[in-house]
Each structure stands twice: as structure tokens, then as C-alpha cells.
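Participant: can't give you the sequence, but here's the structure:
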């Protein structure tokens, strides 16, 4: 994209209007590459007494003005393009924004068969950045009146109705349309307009669905998102969701009309923008990637495996508002297994509830920090499990089988998330981005995700992925420049052999040769044996590289098969190279004393906490 | 960010509270701006669409969906009584009793007859929903078809967490100090229909007793999480409350655990004992925060003697030296003190994080450095 005068963009200001905070960043072209230079933040002002989102945006930008010395605002207007009045320190070339304020985009989806069209519709809505409030299907076990009551009580921002393959029976999807019509659903915001509804089902039912819902909803018809059982076509419906998000949902939220007029590109739902930048980077670098954003209320998981993008949101797994739900879902035992001391159950439960009701507090003592990080491991673990169950191949697809499949029959709809093929895990959200020591972020993700073989890990430095996502829609180069240089902080690489054994037994032999060191004379190669139960940290700074050769024990796999040696070039990071001999699946000692001893040793090995 | 304002809970002997009372769907507003209303005054009314019943007639009649209209006795939009014939097959050979009749399972209206699915949707008559004023006050604004805004001069106390919806009744004190626990023996039949103020803690047995005697509301410093689970019958995962039906409305002023009620809160509630209080346990701790509340309407010009009103919210500005604060996180959780230092620079804490802190002096004269995020100003 260029400015109206035809020159490339030099200065960009981007905001993300979150539920509580509006974050602004300034991106400038410095010496031929784009860099994020300043940031500012201010409370979001969607709610009373302000009820105008632009107030928070102006405040956040004003903070950038103060820090950068650049004049961006002229009263309550953003000066565009940059260089106004001949002053290079005045104005910006474009303003862009994402938004999740006011609870983000809340959708209900409906389909016919739960594991087929309903699941495709759910993937479509999630990929568009929505929170899915409920998924209705003809075969979901609920009686018609229960479905109707549910639709009426939900008050979503939008409904996505799918169902049936093109040319198939229209009966069930029409039935679902009748239920929606009977419920006469009302939108969440405002009383005076019809609820937006997207129909993306069997094309033969369009006429009937229009007859039934055309007058009761703001109906938009688009291509079937599951035209055949073997094919998912989510893009048209996803684009319609974005359009309606702007036209209906955003337009109802206080101040958004003004915000949309300021923005040089369509405002995106925050999670959609995060997904977009991850997808862009994964495709550009040919990576299989998992990204996680663990917030106060929800945990979003994004994955790109073999080029297929998926997003899920675990609406009630978070570190403050929803922290109590992590305890309820994971169970006390699962949380306590990560805590290197014992604590009275009632005391711990009260502490967690107190964090829920006062979500902005921070741990002041080391044991409080360790408890919070233990809870985060479980939130991350549960959110990934949820993601794996939805990030699957298409279910109901006919598969051709050969004689070789007899011994290894796989059903359709297997999870696309293959930890052995995973190249990079990107963590984001306060608990990961602001951990006092970066190694704590690394170990939280390793414990929760149990990566297999060789996996790189990184964190988002200041949560600028939403900004970069929307930026990638106007200038992909600028977005990727900033993503690589300023957004990601590489933590290092984890090498985790697959297999289990008695503690102290040989897991693998390894040799590490430093190939690209910051020192004039690279350190000598390291050779050693990793036993089961070992966790080791080898220094390998950001920008450094090493070749790691691993010769696993006979029953152990490092990615090439049991007992097969593997050699890989690995990148360093602010933490380094972690050799994880704790076994996969990871097994912790069951006895309390043994567990505490093991955790203490591992924490010491990684210098995880102050002594 | 440079601001040092740490929002707290309001505890004030006199303020003006304005409540928007809005129907869940368009209806009729029954009062006008300027009218005086009491808690129980119905200010607006609406009709919730009736329950829907789906009857698959084609299966029952053994016909094709497209032929359904020919078999209908009642048409779309017509009223029907329970048991009245909705549809019937044509008599075989003209013999009347050789036909199938489908009676309506409910009284209501035929909403749709679908020739695509063969389903008939019946809707029961609408259910009226009434909206009360909740406060004793004045209607200051009417929103046609939607509701009103009611304003009241009152004493106002916010809790930190609650369950149960709006209710009102006489407020009585069951304890004599803020650190006293509410025990079973302190509750009796005289508390039926009352809002009972306890001290530091209420356990499971006390809550069971409260329900048994018919208490309308309980206001107490703290409780254990396990007792909340027992009361609700499930583990509350996300703090969005207000619709629970446990027999009474419960408000915690401090949090979970055994925590003495803040002295200022207790003193104000003591002064207001014997008066009508309107309480709500509704809590929502996400964007658009809602905290539980105790509202005691005051007469025009009336003042609660002995307790000073301060400034609330943004008006009071940032935290200042001398402000009364409550620590809201371990290791000093529940301690009440006064701000004695506000260093501007980031300070390292035992977790190795560098955060903005404040120095607080507690009532015993001891001092502690606490992250600013971990304190709450006692406002009002």
C-alpha cells in the first residue's frame, strides 16, 4: 500500500481496542526496514461514563506523541498522511485498528450434523475471530423447544447457519431455520435492528431459508461452507462475518462509526488479526506453528499445520476472571503437581477465588508466583486439548484404504496438530509475556504442551500481534519485518525425546557443536548422556546456532524412529537450549515428597526461580 | 502509564445513585418522569413471547409435507385451545371414526405450518414480565417502550462479591464488631425477611440456618470457597452472578477467607441498622464491572451523623498519602492501612518483577511495601 501521493508507507499508527486497555503502537520505516518504535496505552472507553471508544484511542495515541515527539493528533483527529506541512515529525501515513472491546464478536452457529456441518461452521466462526456461544445441530440431543429456548436466550451478535451439502436434502437445514425463526432472536446490542444471520448451507435450500428468515433477521446468503463432505469452503462465510461485524456489530458499539472513519483499513476482530499474522508468517517461512494467547478470561489457540489454519477459543480458561474455572476444570491435583511445596487446600482455593474477584492483582511473593504459573500450565494444557479436538481433518469423509492400512486404520477427522511436526510455539498474554524470568515462560509452555523432538519456542514481547495482523492486510512486508524483529522474542529450542524409562536410565547421548557463536572462539563441543528424569539447560544465546546430534536409546524416538540418531541445527534464544529427559508423555513422580524433590531439582537446573 | 488511580469499592454515607431499569424486550413504561417510586413499584411491563411447541404432523398423519395445508383444521395465526383438533386426515369411505385427529398439546396460536419439513409450530400465550423500581426514589427519565432511570439519595456500600438478585428489607446487625463471626446461635426467627449484617465470616452452617429462618440477605466480610460451593451446588468458575436462587442474597465485603469487615463499612452499616436496605448480589468482573451493593435510601437533606463522605471514583483523583487502603493479595491480604509512601520509580519485589509500589502503614504501626495493583482504596 502507498500513501495518496504514491510513496510507500513510512509511519503507521495501530491500535488494539481490548476489553480493558487500548494499546497503540507506532511503526516507522528506519533504514529500509519497518520497526516498532513507540507504544502507549490507555483504558478502553467503550463503557459508561465515556461510551466512546475513540476517547481511549486518542489517549493511547497521545502517549505515543509524548514519547516520540511526533505530532499525530490535531485535536480529535489523526493527521494523515505523514509529513503534513512539510514537517517529517508530523502525522502518520495510515491509522489501523483491531477491536475486542465490549466482549468481542459473539456468535451462535448452527448446522445439521454435529460432527460435520456444525463443526465446519464452528471452525469458520472461530477463524473469523468470534467467540462461539453455542453450536446447535439437528442431532445434538436437544429437543426442538430446548433449541428454540436456547436461541432466544443467547442474544448473540450474529448467527451462522449451515447445513447440508449442495444438492443433498434440504429438510434438516430448513427445520433449523424454522427453529431460529420461532425463537425470533434479538441482537446483543440495541433493540431496534434485526439480528444479522449468515446462511452458508445447501444452496438448494436458499429460497426456503430466505422465505423463513428473510423478514425476521438481517439475512445474508453466501456459498455453502461444506459444499461436499470432502470439501470445506470457509473463506466466503468468514469474509461475510467480517463484513457484518463492521456493518452491524461495530456500528452499534459506542464511537465505532467515528473509529471506522479514521481507519485506513477495515477494523478486524482482535483474534482474527492475530490468526492472520500467524498464518502469514507460518506460510511465508514454511512452519508448522502453534500460537497461544492466554488472557484473563479466555485462552486462544492458533495452529497452522501443513498450511491449514485453525483457531479455537477456550472461553472460560484464563488467568484472572476465569482462573477459578481452570481449577474447576483441571482439578486441584493437576494444579498442585506443578507446585514445589505443599499448601492447605482451603487456603489455595480461597486464594484462587480472591484472584478471580480482584483480577488485576499481581503475585508479590515467590510462592504466589509459582501457584499462578502452575495454574497457567493447566489452562494452557486444557486449551490445547480443546484445540486438538476441533483442529481436525474433515469428519465423515470416505477414505480409500489399501491393504497396508489394515494394521493402522485411522478414522477420518484426526487432529491436525502433530507435535512431532511442530516447529515453533509462540506464547502471548501477560503470564507468558511478563514472566519475571523468560525461562519461566519457556518451561510453562514445555510442561503444558509437552513438545516432541526439536521445537523452537518464542513469546510475543508486548502483544502486538493484533496490530501486525491488521497491518498485514495493507502492507505484508511491514508486518513481517516488525514481527520478526520486534514482536517475537526467541526463547530457544527444546529437545525432548519420546519414550519413558526408569529415572537415571539412559535416554539419549548427545553432542552439541557451536557453529555460530558470538564469541571469537566458539565454545568447545559438548558431549553427554541425558538420562530419564534429567532436565538440562545449555547456554545458546539469541543469534547463536549449534548442531545437536542425538543418539536415542533403543526404545526412544527423537523424531526419526526408535533408536534412530538425529542431527539438527538449532537456534539460540534468550533462554538457550533445553534438553528434556523427563520422558514423553511426561510423567511426574506420584509421591508428594518425590515430586517436590524432582520439581526443585528441575527448577534449579534451569535456574527458574531466585534461590 | 503514569496514572496512579487504583479503583476501590465505594463506602459512602451519602450519594446519589442512578439506576437504569430496562426491560429485556420492548414493552410499556408505566410511570412518568418526576414520579416518586418505591422498591416494589412496577415501573414497566412487557410480554415475553410464549413458549414454542413443535409438532411434526406429517409423521403423525402419514402424509407428505407439501400436502400438510390440506389437512390443517387450524391455519397460521389462528388461536387454538389445548385438546382442540389441529389437523385430521380425511375420513376413510366417509366413515367418521376411520380418521386420525391430532389434538393441540397446548393452548396458544398456530405460528407456522411448514410444507418443507411438515412441522407445525405452536406458540403459547405471552407471559407478562414486570420490572420493579428496586430503589425508593424518583423517576428522572423515561425511555419509551424500554424503561426508566430511577434516582435516589442514599447511603451506598459496595461489596466485592455476591450471589443472588435484587431484594429489599430491614437491615439488622447480628454482631457487635467487624471481626466477630456470624454464628448459628446469632440467627433466629426474628431475622426472617431481614438483611442481616455479620462480621468477619459466615460458614456453611450459618448459611443453612439463614435459609431456614427466611433471611432475605446476608452481608459479611468473608467466606470459604468450599462453603460457596456447598451453597451453590457447583464450583463457580467465572464471577458472573446475580441469578442464583439459594434462598437469600449474599454479599461479601472483603473476599474469600476469614476477613474482618473494614471498620468504615461496619460503622456505616451499624449507623444504618433498622432501616430499609435495597441489596443486590449481582457481580460481574469483566468489562462493565458490576459489584454487589447495599443501598439505604435517605430522606431529603438527611445525613448519617459521624461518618464523613469523601469523593468517589475519578473525582477523587489518584491515590494520595494518607488514603485508607485495603491490601487485596497475599502476604498482607485483608489488612487495612494508610498510604505513607508513593515512590514513583519501579521497585523490585520478591518475584523479581519490577512494579510500581506504595508503602502502607497498618493499624499496629508496622509498615510494608505493596505493589499498587494489590491495594484498593476505601472510597467514600
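Facilitator: Sure thing, it's come through. These numbers were taken from a predicted model, which means no experiment stands behind them.
Participant: ok, the longest strand anywhere in chain B: who's next to it in the sheet?
Facilitator: The single longest strand within chain B, with elements called by DSSP state E, is strand B:9-22. Here strand B:9-22 is paired, per DSSP bridges, with strand B:147-158 (antiparallel), strand B:375-379 (parallel).
Participant: Would you format these as JSON lines with mean neighbour count and mean pLDDT included?
Facilitator: Any C-beta I mention is one placed from the backbone N, CA and C, and that applies to glycine too. Conversion of the strands paired with strand B:9-22 to JSON lines gives the following (neighbours: other CB atoms under 10 Å in any protein chain shown; pLDDT from 0 to 100):
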{"stretch": "strand B:147-158", "mean neighbour count": "23", "mean pLDDT": "95"}
{"stretch": "strand B:375-379", "mean neighbour count": "22", "mean pLDDT": "81"}
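Participant: sorry, back to before: past the longest strand of chain B, which element shows up next along the chain?
Facilitator: Counting by DSSP states H and E, the next helix or strand C-terminal to strand B:9-22 is strand B:28-29.
Participant: List the contacts of that following strand.
Facilitator: Under the contact criterion CB atoms under 8 Å, 6 or more residues apart in numbering or on different chains, strand B:28-29 has outside partners B:43, B:44, B:45, B:46, B:142, B:143, B:144, B:145, B:146, B:147, B:148.
Participant: Now do the SS call for the fifth one.
Facilitator: Reduced to three states with DSSP: H, G, I helix; E, B strand; the rest coil, the structure at residue B:142 is strand.
Participant: Just give the number of residues close to it.
Facilitator: Per other CB atoms under 10 Å in any protein chain shown, the neighbour tally for residue B:142 reads 19.
Participant: Then the fourth one?
Facilitator: A total of 20 residues lie near residue B:46 under the criterion other CB under 10 Å.
Participant: Please report how far the closest residue to it other than its chain neighbours lies from chain A.
Facilitator: Closest residue to residue B:46 apart from its sequence neighbours, by CB to CB, 6 or more residues apart in numbering or on different chains: residue B:27 at 2.6 Å. Relative to chain A, residue B:27 is positioned 11 Å away (CB to the nearest CB, to the nearest Å).
Participant: Check residue B:226 too.
Facilitator: Counting by CB to the nearest CB - residue B:226 and chain A are separated by 6 Å.
Participant: Now do the contacts for residue 33.
Facilitator: I'll assume chain A. A:481, A:485.
Participant: that's the other chain; I wanted chain B
Facilitator: Contacts of residue B:33 by CB under 8 Å, 6+ apart are B:139, B:140, B:141, B:142, B:148.
Participant: Could you tell me whether it really is in a helix?
Facilitator: No: counting by three-state DSSP, residue B:33 is not part of a helix but coil.
Participant: Tell me the pLDDT of it.
Facilitator: On pLDDT, residue B:33 comes in at 96.
Participant: try the one 5 residues further on
Facilitator: What the model reports for residue B:38 is a pLDDT of 96.
Participant: Check the burial of it by counting its neighbours.
Facilitator: 14.
Participant: Now do the nearest residue to it once chain neighbours are set aside: how many residues are near it, please.
Facilitator: Spatially, and ignoring its direct neighbours in sequence, residue B:38 is nearest to residue B:136 (5.0 Å; CB to CB, 6+ apart). Under the neighbour criterion other CB under 10 Å, residue B:136 is assigned a count of 23.
Participant: For residue B:136, give me its contacts.
Facilitator: Per CB under 8 Å, 6+ apart, neighbours of residue B:136: B:37, B:38, B:39, B:152, B:276, B:278, B:297.
Participant: try 10 Å this time
Facilitator: By CB atoms under 10 Å, 6 or more residues apart in numbering or on different chains, the contact set of residue B:136 is B:36-41, B:150, B:152-154, B:168, B:276, B:278, B:295-299.
Participant: sorry, back to before: return the member of the contacts of residue B:33 nearest to chain A.
Facilitator: Of all those, chain A sits closest to residue B:141, with 14.3 Å by CB to the nearest CB.
Participant: Which strand residues bridge the closest residue to the closest one other than its chain neighbours?
Facilitator: Nearest residue to residue B:141, sequence neighbours excluded (CB to CB, 6+ apart): residue B:149, at 4.0 Å. Beta-bridge pairing for residue B:149 (DSSP bridges): residue B:20, residue B:141.
Participant: What pLDDT is listed against the spatially closest residue to residue A:78 that is not a sequence neighbour?
Facilitator: Distance criterion CB to CB, 6+ apart; nearest residue to residue A:78, sequence neighbours excluded, is residue A:95 at 4.9 Å. At residue A:95, the predicted lDDT confidence score is 96.
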